[in-house]
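[1] got a predicted model here, sequence first, then my questions.
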Amino acid sequence: MHLQPVVNRWADSMSNVLNEVLGLNAKPIIRDGSLEQLVIDSWLESYPDADIAVTNKGGVRADLESGEVTFSSVFNILPFDNNIIVVEVNGSAIMNALPEGGRPVLAGLKKSGEEWVLTRINEKLHPEKNYILLLNSFMYAGGDNFGAIARANPNGFDTGMNYRQPFVNWIRRQDSTQNNPLHY
């Protein structure tokens with residue numbers, strides 16, 4: 001049996017997917033916090049019932065260059081096979097996990113003085129209250145010292161959605177063109 005024709009067909013079909021233009025970007029978005037924030041904000045936009053989303057800076061590996069944004073571009077930025085996990089945990093578990101975890105990037109939650117505040121409702125994070133948290137599967141498994149979340153609730157739901165998909169969806173929704181590039 002000759003495998004080369006099968007390999008060639010697979011490579012051609014993958015090339016079409018990887019080279020699909022998702023949008024157009026006028027200026028680079030660098031990994032200085034801006035790109036990471038844009039990625040994590042897309043998670044909350046995709047899961048509006050969630051209160052907080054957290055990812056790790058190490059999960060974002062490249063800048064978003066100017067010009068055509070392809071699936072390959074996004075894959076270079078977010079190269080891992082991490083899925084988004086949805087988990088319900090109390091505020092205490094979140095407050096305990098954040099200082100232990102390495103380089104978290106947050107959406108829906110910010111530090112204001114000594115308190116954590118939910119940004120959507122401008123309300124203090126309460127230790128006893130439960131919240132819906134999104135995080136990537138690497139972190140839920142304890143990566144970057146985020147094991148406290150799984151210990152607080154070992155029954156997180158794996159959405160089956162790769163952590164890059166909400167960002168891909170956000171890019172597509174912008175319906176960007178040369179005259180109307182991505183806005184962020």
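    Looks like it came in fine.
[2] for the rest of this, base every contact and every neighbour count on C-alpha atoms.
    OK.
[3] can you map out the helices along the protein?
    4-18, 34-46, 71-77, 91-100, 137-140, 147-152, 165-173 (DSSP state H).
[4] residue closest to the middle of this structure?
    Ile40 (4.2 Å; Cα atoms, centre = their mean).
[5] tell me who's in contact with that one.
    53-55, 105-107 (Cα atoms under 8 Å, 6 or more residues apart in numbering).
[6] need these in TSV with distance to Glu115, can you?
    Output for those, formatted as TSV (distance: Cα to Cα, whole Å):
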residue	distance to Glu115
Ala53	17
Val54	17
Thr55	20
Val105	17
Leu106	15
Ala107	15
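[7] show me which of the residues you listed are buried.
    53-55, 105-107 (16 or more other Cα atoms under 10 Å).
[8] surely Ile29 touches Ala62?
    No. Counting by Cα atoms under 8 Å, Ile29 does not reach Ala62; the two are 9.5 Å apart.
[9] and the nearest residue to Asp144 once chain neighbours are set aside, what pLDDT?
    Nearest residue to Asp144, sequence neighbours excluded (Cα to Cα, 6 or more residues apart in numbering): Gly102, at 4.9 Å. In this prediction, Gly102 carries a pLDDT score of 76.
[10] list the contacts for Gly102?
    Neighbouring residues of Gly102 by Cα under 8 Å, 6+ apart: 56, 144-146.
[11] now do Ser176
    So Ser176 contacts 23-25, 182 (Cα under 8 Å, 6+ apart).
[12] can I get those in a markdown table with neighbour count, pLDDT and distance to Ser66?
    Output for the contacts of Ser176, formatted as a markdown table (neighbours: other Cα atoms under 10 Å; pLDDT from 0 to 100; distance: Cα to Cα, whole Å):
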| residue | neighbour count | pLDDT | distance to Ser66 |
| --- | --- | --- | --- |
| Gly23 | 23 | 96 | 10 |
| Leu24 | 24 | 96 | 7 |
| Asn25 | 22 | 95 | 5 |
| Leu182 | 22 | 91 | 10 |
